[in-house]
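Peer 1: The sequence and its predicted three-dimensional model are supplied below.
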Amino acid sequence: MSDFNEFNLDEKISSKIEALGYTEATKIQLKAIPIVQAGKDVSGLAQTGTGKTAAFLIPTLQRLYATWDGVEREGVKPFENWTSRSTILILVPTRELAEQVSTNLKELSDEETVSFVTVYGGVAYEKQKKLLEKGSTFIIATPGRLIDLYKEKFFDPTQVKSVIFDEADRMFDMGFKDDMKFLLDRIPRDRQFLVFSATLNFDVLTVAYEYGSDPVEIEIDRSLPRTDQVKDEVLHVGQNEKPMFLMSLLNSKEFEQAIVFTNFVRNVPRIEKFLQINGLKALGLSSALSQSLRTKVMDSFRSGETNILVATDVAARGLDIENVDIVVNYELPDDSENYVHRIGRTGRAGRDGLAFSLSSEKDVEALKRLEIFLKSKLEIGWIEDTALIKNFKPFPYTYDPQSKIKDLSGKNNRKESRDPNKKTFQKDKKPYKESKNYKPSEHKEKKHNFEKKQEPYQSNQPVNSKKRPAASSRYKNFTTVSSSKGSAKKGVISKILGLFSS
């Protein structure tokens, strides 16, 4: 590592870094900052938790201050032709990452001079439209919502001076490739182009080269997909034993905060409810929640009010929470790269972290792929039988994902599902008893007279006495066709010959 003072940072940036308590730059920051602030394109590959966000925010702010202040700094290239409408675009795959980048930007920048707007779906358009109309130094956006606002003429891509893809491989995995190319088609070619990710994606680099970029490729510990600060183990258990081992792990380890990952959205409320009914403070985070509720869940987790977060891979990218000590994979991810992002939620900023994966008979293939990807076997862990918690309320396997979930205000956002063990109310069915005063209704039989004779039909319309018009002269040579087969053929031939002769 190296001291931040080596970068000859602007005083406004160095004071912010000092206030945050950071004194040494990480490997990716050490290599990327000088190249980015020199105005060059960069493709940065580094592990999660190594400070990639600061690696592009710090040098970009350096270029901005040099542009605005007119102060020449060695190795810092100001932006050319910067105007009040110019902007820097940061594209991210998820709403959570957009909020995380905006938080980091707020911590590092001067609030009086640097403005920013976050643009993503799931919230109202109006606030985002107003902020874009005013103009912002930074736009931090997911591609889909930004394109919607571009089509309504609230975003002008020709004003972009630098475009940054954060977690670019994830954007391609989520189907944003065409959206990213749509935006790049409209952004000037003389902009700076920065791409940062934790895993290499050749499609991303192909797009970068396709759009005139010539990035300096930076790779930090590519052969080591996991950081040294994270100790990860796999526990071989039965599928039905996973709830017991999950409870035992969370009760036997000391931690400030923990994240439990699952592959399935439907499992998030089940695991959440299972932990809650057994006395643990847990909240679920998945794409099934509204944006306002997702924000409340994350606020509760960051503040420490809730210390266990149950999440899908939506939360595996962009969550920068330093106090996460434990990560538990309830299932092994199908995509091995997601494993790296999951366990990267712990062991951040130099802290040590633990990661446990519960592998059952259903995870065998995923485990094989993972160990091939990691190029090593996972260390096998175990919990002593005496440390296993066996008395707990059962896992709600039949718990409906659309069932009851409470937000932090205490209101129900979903309908409560019926408890499968609870007997439903059934009204006693008593045998039918006729009333004493009951009298059957007297129905008169309708007699139908079928003996009436039908009179012949007589039309009231006047008869047309005019003769039928004569046949067209075109058909004057037609001969009558007899019913016999031989004469029928002759008749058809004569008709055809007659047509040609007329």
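Peer 2: That came through fine. A quick note: this is a predicted structure, and the numbers were derived from the prediction, not measured. Residues are numbered from 1 along each chain as shown.
Peer 1: quick one: the helices in the stretch 51-200 of the chain?
Peer 2: Along the stretch 51-200 of the chain, counting by DSSP state H, counting those that start in this stretch, helices occupy 52-69, 95-108, 125-134, 143-151, 168-173, 177-184.
Peer 1: Just the buried residues of the second one, please?
Peer 2: I take that to be helix 95-108. Going by neighbour count (16 or more other C-beta atoms under 10 Å), the buried part of helix 95-108 is 95, 96, 97, 98, 99, 100, 101, 102, 104, 105, 108. Placement of C-beta: from N, CA and C, glycine included.
Peer 1: looking at the helices of the stretch 51-200 of the chain, which has the lowest confidence?
Peer 2: Confidence, taken as mean pLDDT, is least for helix 168-173 of the helices of the stretch 51-200 of the chain (a mean of 80).
Peer 1: Report all helices and strands that that one contacts.
Peer 2: Where contact means 3 or more C-beta pairs under 8 Å, 6 or more residues apart in numbering; DSSP states H and E, helix 168-173 is packed against helix 177-184, strand 192-197, helix 202-210.
Peer 1: residues in contact with that helix?
Peer 2: The contact list for helix 168-173 (C-beta atoms under 8 Å, 6 or more residues apart in numbering) reads 91-94, 143, 165, 177, 180, 195-201, 203-204, 317, 335, 337.
Peer 1: Of these, select the buried ones using a ChimeraX command.
Peer 2: Of the contacts of helix 168-173, the buried ones can be selected in ChimeraX as follows, counting by 16+ other C-beta under 10 Å:
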select :91,92,93,94,143,165,177,180,195,196,197,198,199,201,204,317,335,337
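Peer 1: sorry, back to before: and which of the buried residues of helix 95-108 is nearest residue 363?
Peer 2: Out of the buried residues of helix 95-108, the one with the shortest distance to residue 363 is residue 96. That distance is 25.8 Å, counting by C-beta to C-beta.
Peer 1: measure that closest one to residue 5 for me?
Peer 2: Residue 96 sits at a distance of 33 Å from residue 5 (criterion: C-beta to C-beta, to the nearest Å).
Peer 1: Next: residue 338.
Peer 2: In this structure, residue 338 and residue 5 are separated by 37 Å, where distance is defined by C-beta to C-beta.
Peer 1: What of residue 132?
Peer 2: Relative to residue 5, and taking C-beta to C-beta, residue 132 is found at 37 Å.
Peer 1: Equivalent analysis for residue 62, please.
Peer 2: For residue 62, the distance to residue 5 under the criterion C-beta to C-beta works out to 13 Å.
Peer 1: When those two are compared, which one has more neighbours?
Peer 2: Using other C-beta atoms under 10 Å as the criterion, residue 62 and residue 5 rank with residue 62 on top: 26 against 11.
Peer 1: Could you count how many residues lie near the closest residue to that one other than its chain neighbours?
Peer 2: Beyond its immediate neighbours in the sequence, the residue positioned closest to residue 62 (C-beta to C-beta, 6 or more residues apart in numbering) is residue 37, lying 4.5 Å away. The burial count assigned to residue 37 is 22, neighbours taken as other C-beta under 10 Å.
Peer 1: Mind pulling the model confidence for residue 37?
Peer 2: Predicted confidence (pLDDT) for residue 37: 95.
Peer 1: Relative to residue 195, how far out is it?
Peer 2: On the measure of C-beta to C-beta, residue 37 and residue 195 end up 17 Å apart.
Peer 1: mind listing what the closest residue to residue 106 other than its chain neighbours touches?
Peer 2: What sits nearest to residue 106 in space, not counting adjacent residues and going by C-beta to C-beta, 6+ apart, is residue 116, at 7.6 Å. When contacts are counted by C-beta under 8 Å, 6+ apart, residue 116 touches 102, 105, 106, 109, 136, 137, 138, 139, 140.
Peer 1: Please tabulate those in CSV, including the columns distance to residue 48.
Peer 2: Written out in CSV, the entries for the contacts of residue 116 read as follows (distance: C-beta to C-beta, whole Å):
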residue, distance to residue 48
102, 19
105, 19
106, 21
109, 23
136, 28
137, 27
138, 22
139, 24
140, 19
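Peer 1: quick one: the strands in the stretch 301-450 of the chain?
Peer 2: Chain-ordered strands for the stretch 301-450 of the chain, with DSSP state E, counting those that start in this stretch as the definition, fall at 308-311, 324-329, 353-359, 379-380.
Peer 1: mind listing what the second one pairs with, with the direction of each?
Peer 2: The reference is to strand 324-329. Partners of strand 324-329 in the sheet, by DSSP bridges, are strand 257-261 (parallel), strand 353-359 (parallel).
Peer 1: Give me the residues contacting that strand.
Peer 2: If you take C-beta under 8 Å, 6+ apart as the criterion, strand 324-329 is touched by 246, 249-250, 253-261, 339, 342-343, 345-346, 348, 351, 353-358.
Peer 1: same deal with the first one?
Peer 2: Outside strand 308-311, the residues within contact range by C-beta under 8 Å, 6+ apart are 250, 257-262, 268, 271-272, 275, 280-286, 297, 301, 315.
Peer 1: confidence score at residue 428?
Peer 2: Residue 428 is assigned 50 on the pLDDT scale.
Peer 1: now swap in residue 462 and tell me
Peer 2: On pLDDT, residue 462 comes in at 57.
Peer 1: And for the nearest residue to residue 366 once chain neighbours are set aside, the neighbour number?
Peer 2: In space, and not counting its chain neighbours, residue 366 is closest to residue 332: 4.0 Å by C-beta to C-beta, 6+ apart. Other residues near residue 332 number 26, with proximity taken as other C-beta under 10 Å.
Peer 1: so what's the residue nearest to residue 192 when sequence neighbours are not counted up against?
Peer 2: The shortest distance from residue 192 to any non-neighbouring residue, by C-beta to C-beta, 6+ apart, is to residue 162 (4.1 Å). In this structure, residue 162 makes contact with 60, 63, 79, 88, 89, 191, 192, 193, 194, judged by C-beta under 8 Å, 6+ apart.
Peer 1: again, only this time at 10 Å
Peer 2: Counting by C-beta atoms under 10 Å, 6 or more residues apart in numbering, residue 162 touches 36, 39, 41, 56, 60, 63-64, 79, 86-90, 138, 187, 191-194.
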